[in-house]
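K.L.:
A predicted structure for the sequence below; I have some questions about it.
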Amino acid sequence: MSRKTKDRKLTKTDGFDPARRSFLGAMATAAGVTLAPGVILYGITKSSPANARALDSAASSDVRWGMLIDLNRCDNGCDDCVSACAKENGLRGFGRPETDAQWIRKVDIKNPDTGYSKSLPVMCQHCEEPPCVDVCPTGASFKRADGIVLVDKHTCIGCRYCMMACPYKARSFVHEVLEDQKSYAPRGKGTVESCTLCVHRIDADQQPACVEACSDTGGGAMLFGDLNDPGSEIATRVAKYASQQIRADLGLNPGIRYRNL
Amino acid sequence: MKQVTYSEVKGSSTKFYALLALLGAFVLSALACAFYMEHSGHHVTGMTNQIVWGMPHVFAIFLIVAASGALNVASIGTVFGKTIYKPLGRFSGLLAVALLVGGLIVLVLDLGRPDRLIVAMTSYNFKSIFAWNIFLYVGFIVVVAAYLWVQMERRMNHYAKTAGLVAFVWRLILTTGTGSIFGFIVAREVYDSAVMAPLFIAMSFSFGLAAYILVLLAAYRGSDREIGDVVIRKLGRLLGVFIAAVLFFTAVQHLANLYASEHTAVERFILVDGGVYTALFWIGQILVGSLIPMYLVFRPVPEDSQASNRGVILASTLVIIGGFAQVYVIVIGGQAFPLNLFPGMEVSSSFHDGMISAYSPTLPEIGLGLGGIAVAGLIVLIGIKLLRFLPVSLANAAIDPHHKLTIDKP
C-alpha cells in the first residue's frame, strides 16, 4: 500500500488534522534526508571491487595485512617507495629535516666488522603487540582488527609517548601548520602520525603506494598481502623462505618482514 | 606540653604584593610561551622527531617528582610519629599540591593539542601508565586535600594518622608511576629497567625535601617569623640521607647497565663521552647535586648557628640544581642516544638513524617551565595568606623535641 493511499484512508477514518499531517511530512523528509546518503553510499560500496572492505563492515581479524621486503631486490640508491608515499599521503617537507615528518625512510646499514652493507626501507612495522598502542593514554593509537596500526587524529592529544615507546622510530609529530591535505590521509598539527599501510587503498582493494611504486619503477622488492591466508603469495613465500623481523627479540611480531637482511 | 599555634601570614606588605606580581608575570609569560608554541607548532621549540620530550618535560617531571617528596615531611610527623615534624605537616601538604599543579600545567601546555585535555580526562586506555598517572595525580590532590583538612580541623585530628598513611602510600604509588613512564619503555635501553621506579622515589624524597626547606625558610623570613637552627639542621641531615639514597639507586642503575655488554654503548655515552650529558651527570648531579650538599649537611656543626643554616640552605639549593641536571640527563640524554634498530650495525638515514641527536632548549620552552614553578609559588603564597598553614614560631624553644609536643590533643 502506497503512503498516499494509506494517508487517504487514515483521513477518511480518523478525520483530517493538518498540523499532524505536516508534522509527519516533515519527519518523513528529515528521515529521507538522513538516510538517503547512507543508501547511496551503500550502493557505492556494493559496486566497489569484490575484495574491498565495505564501508559499513568492520575490518576482519581473519586478515593480517603484512609485507615481505626482499632486500636483494632493493637498490641502494632507489627511494621510489619513499617518494610514492609522500605523494600519496601529501607529505611535504618544510626544509627542516629534524622536524619534517617521514612515514617511510631508507636506512643504510653496514657491519663494521665485515664491511657488509645494505639499504632497506623502514616504516611502521605494524606490530601484533604494538608498544605505541600500549602506552597511548587516550587510546588514539590503535590496532585495527586486520593488523594495521593507526592513530585516531581526533583523540590524539600530542603527548608523544608513543614516539618514546616505538622501537622503530616510525612515528613523526606534526610540528607545523599543514595545508592542502589529502582527504583520505588526514593529518594535523600537534598530533602524531605514521605509515597507515595506505589503509584507504587497502580498503579499496589496492596495494599500498610504496609497494605499487616498487613494482612499477623500483626493483619489485615489496610484496604486500594477507599473512593469514595460506593461499596468498606472501604467506607462501614466508613459509618457504627465511625472513626476518627488525628487533624480533622484542617479541612484538611486526607485520613487516624482510628477506636477505 | 606545648601546643602549636598556626596563623595566616599578614600578606599586606609591599614585599608580599611585589612577589605576587612577579610570580603572576612569570605565569603570564608562560601562557604566552605556550600559546606561541601551540600556534606556530612545535618546530619553534628545540624539540624534534628525535628529541620528542624537551625542556618542558624536564620542568614538569622535576616538579611532579618533587611534589610527592614534599609530602614526606608531613608523613614523618603523622605516620611515623616524629613530634618535631608535626608542626611542619600542614605546609608540607600545601607545597606538595602546589608543586604538582605547577608540574601538571607545564605538562598539559606542552601537549600537541592541549585543547583536547577533555579527551585525556574522558577517554582512557588502561594499559597506559600515562592514563594511570592521570588518576594518580588527580587522586593525590584529593587525598592531600583531605589530609590537610583532618590536620587543620581540630575535631578531625584523630583521623590524621589514617589520612597520613593513605597519602603516604598514594605518593609512593604516584612516584612509582612517574618512574615507570620511563621504566616501561622497552624500546630504549637507557630506560627499560625496574630500577627507574625506586630511583624516582629516592629522587622525590631528595628534591621534595630540598624544595620544602627553601620554601619554608623563605616563608619564615618573608613573614618575619622565627625559625630555629634545630629544625633546619634536622631537615638538613634528613636531606643528606635522601641524597645518599639517590646516589645508591643511581649507582645500581648504571652498574646494572654496564654489566650487560649490549648496554655499554649507551652507558659510555652518558658516563664518558656524551659531552653536555656527561658533564651534567658528573658535575651537575654527582658533584654539585650530591657530594657537596652531603658534605654541607653532615660536616661537624659549626658553632655559629647562622653558618649552619646557611650550609643547609646552600645544600638544598645545590640539590635542586643537581636534580634538574639529573632529570635533564634522564629525559634528554636518554633520547639523544639513538635507538638500536640493527644491533651490531652502523646505521644512517635521512631520519637521523644511528646519530646522537642534538637538542638546545629554546626560550619559550624555558619560559613555560618557569611558569610551572611560578604557579606553585602563587599557590603557596595565596595558601599561606588565606589559611593557617604555618606555625607562628619554629624557634628552638617552641619545637624542642624534649618537650612532649602534640597538635592532636591540647
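P.N.:
Nice, thanks for sending it over.

K.L.:
phi, psi for whatever residue of the stretch 151-300 of chain B ends up closest to chain A please.
P.N.:
Using CB to the nearest CB, the closest approach of the stretch 151-300 of chain B to chain A is made by B:Ala187 at 3.5 Å. For every residue, glycine as well, the C-beta is placed using N, CA and C. Dihedral pair for B:Ala187: phi -70, psi -30, per degrees, to the nearest 10.

K.L.:
without its sequence neighbours, what residue ends up closest to it?
P.N.:
A:Pro167 (3.5 Å; CB to CB, 6 or more residues apart in numbering or on different chains).

K.L.:
would you point out which residue is most central in chain B?
P.N.:
B:Ala66 (1.7 Å; CA atoms, centre = their mean).

K.L.:
which residues of the stretch 1-150 of chain A lie near chain B?
P.N.:
A:94, A:96-102, A:105-113, A:122, A:131, A:133-140 (CB under 8 Å from any CB of the partner chain).

K.L.:
how many residues are close by B:Ile321?
P.N.:
16 (other CB atoms under 10 Å in any protein chain shown).

K.L.:
surely it is in a helix?
P.N.:
Yes. With DSSP: H, G, I helix; E, B strand; the rest coil as the criterion, B:Ile321 is part of a helix.

K.L.:
list the contacts for the residue nearest to A:Tyr161 when sequence neighbours are not counted?
P.N.:
Nearest non-adjacent residue to A:Tyr161, counting by CB to CB, 6+ apart: A:Val135, 4.8 Å away. Neighbour list for A:Val135: A:141, A:161-162, A:164-165, B:127-130, B:184-185 [criterion: CB atoms under 8 Å, 6 or more residues apart in numbering or on different chains].

K.L.:
and if you look at B:Gln335?
P.N.:
Applying CB under 8 Å, 6+ apart, the residues contacting B:Gln335 are A:164, B:50-53, B:188, B:357, B:359.

K.L.:
buried only: go through the residues you listed for me.
P.N.:
Among the contacts of B:Gln335, those classed as buried by 16 or more other CB atoms under 10 Å in any protein chain shown are A:164, B:50-53, B:188, B:359.

K.L.:
okay, now the domains of chain A?
P.N.:
Structural domains assigned to chain A are A:3-47, A:65-259, following automatic domain parsing.

K.L.:
if we can go back for a sec, quick check on the residues of the stretch 1-150 of chain A next to chain B: which are buried?
P.N.:
Counted by 16+ other CB under 10 Å, these give A:98-102, A:105-110, A:122, A:131, A:133-140 as buried.

K.L.:
narrow those to those in strands?
P.N.:
Among those, DSSP state E puts A:105-110, A:122 in strands.

K.L.:
now the two most distant members of the residues you listed.
P.N.:
For those, the farthest-apart pair by CB to CB is A:Arg105 and A:Lys110; their separation is 16.3 Å.

K.L.:
determine which stretch of the domains of chain A is the most buried.
P.N.:
domain A:65-259 (a mean of 19; mean count of other CB atoms under 10 Å in any protein chain shown).

K.L.:
can you give me the end-to-end span of it?
P.N.:
This stretch, domain A:65-259, spans 17 Å end to end (CA to CA, to the nearest Å).

K.L.:
what's the closest non-adjacent residue to B:Asn125?
P.N.:
Spatial nearest neighbour of B:Asn125, chain neighbours left out: A:Gly139 (4.0 Å); criterion: CB to CB, 6+ apart.

K.L.:
show me which residues of the stretch 151-261 of chain A are close to chain B?
P.N.:
Checking the stretch 151-261 of chain A against chain B by CB under 8 Å from any CB, the hits are A:155-161, A:163-169, A:171-177, A:189-192, A:246-247, A:250.

K.L.:
how about 7 Å then?
P.N.:
A:155-161, A:163-169, A:172-173, A:175-177, A:189-191, A:246-247, A:250 (CB under 7 Å from any CB of the partner chain).

K.L.:
filter those residues down to the ones in helices?
P.N.:
A:161, A:163-165 (DSSP state H).

K.L.:
closest one to B:Phe80 out of these, please.
P.N.:
A:Tyr161 (35.5 Å).

K.L.:
let me see the contact set for that closest one.
P.N.:
Contacts for A:Tyr161 (CB atoms under 7 Å, 6 or more residues apart in numbering or on different chains) come out as A:135-137, B:130.

K.L.:
quick one: average confidence on the helix or strand hosting B:Ala60?
P.N.:
Using DSSP states H and E, B:Ala60 maps to helix B:55-70. Mean pLDDT, helix B:55-70: 97.

K.L.:
next, count neighbours for the residue nearest to B:Val108 when sequence neighbours are not counted.
P.N.:
Distances taken as CB to CB, 6+ apart put B:Pro114 closest to B:Val108, at 5.4 Å, once the chain neighbours are dropped. Neighbour count of B:Pro114, defined by other CB under 10 Å: 19.

K.L.:
B:Phe35 is in contact with B:Pro114, correct?
P.N.:
No. With contacts counted by CB atoms under 7 Å, B:Pro114 stays clear of B:Phe35, the gap being 9.8 Å.

K.L.:
and the pLDDT for the closest residue to B:Met345 other than its chain neighbours?
P.N.:
Setting aside the residues directly before and after it, B:Met345 is nearest to A:Ile109 in space (CB to CB, 6+ apart), at 4.3 Å. pLDDT for A:Ile109: 96.

K.L.:
check the one 4 residues further on too.
P.N.:
At A:Asp113, the model reports a pLDDT of 95.

K.L.:
for it, which non-adjacent residue is closest in space?
P.N.:
Per CB to CB, 6+ apart, closest to A:Asp113 is B:Gly344, 7.9 Å.

K.L.:
helix, strand or coil for that neighbour?
P.N.:
At B:Gly344 the chain is in coil, as set by three-state DSSP.

K.L.:
which residues touch residue 177?
P.N.:
Since no chain was named, I'll use chain A. So A:Val177 contacts A:189, B:41 (CB under 7 Å, 6+ apart).

K.L.:
look at chain B instead
P.N.:
Shown in contact with B:Gly177 (CB under 7 Å, 6+ apart): B:129, B:132-133, B:136.

K.L.:
okay, buried residues for the strand or helix carrying it please.
P.N.:
Assigned by DSSP H and E, B:Gly177 belongs to helix B:160-183. Buried residues in helix B:160-183, counted by 16+ other CB under 10 Å: B:160-161, B:163-164, B:166-168, B:170-183.

K.L.:
isn't B:Leu88 right up against B:Val73?
P.N.:
Yes. Using CB under 7 Å, B:Leu88 is in contact with B:Val73, at 4.9 Å.

K.L.:
B:Gly93: what's its closest spatial neighbour, skipping adjacent residues?
P.N.:
B:Leu148 (4.4 Å).

K.L.:
now for the one you found, how many residues are close by?
P.N.:
25.
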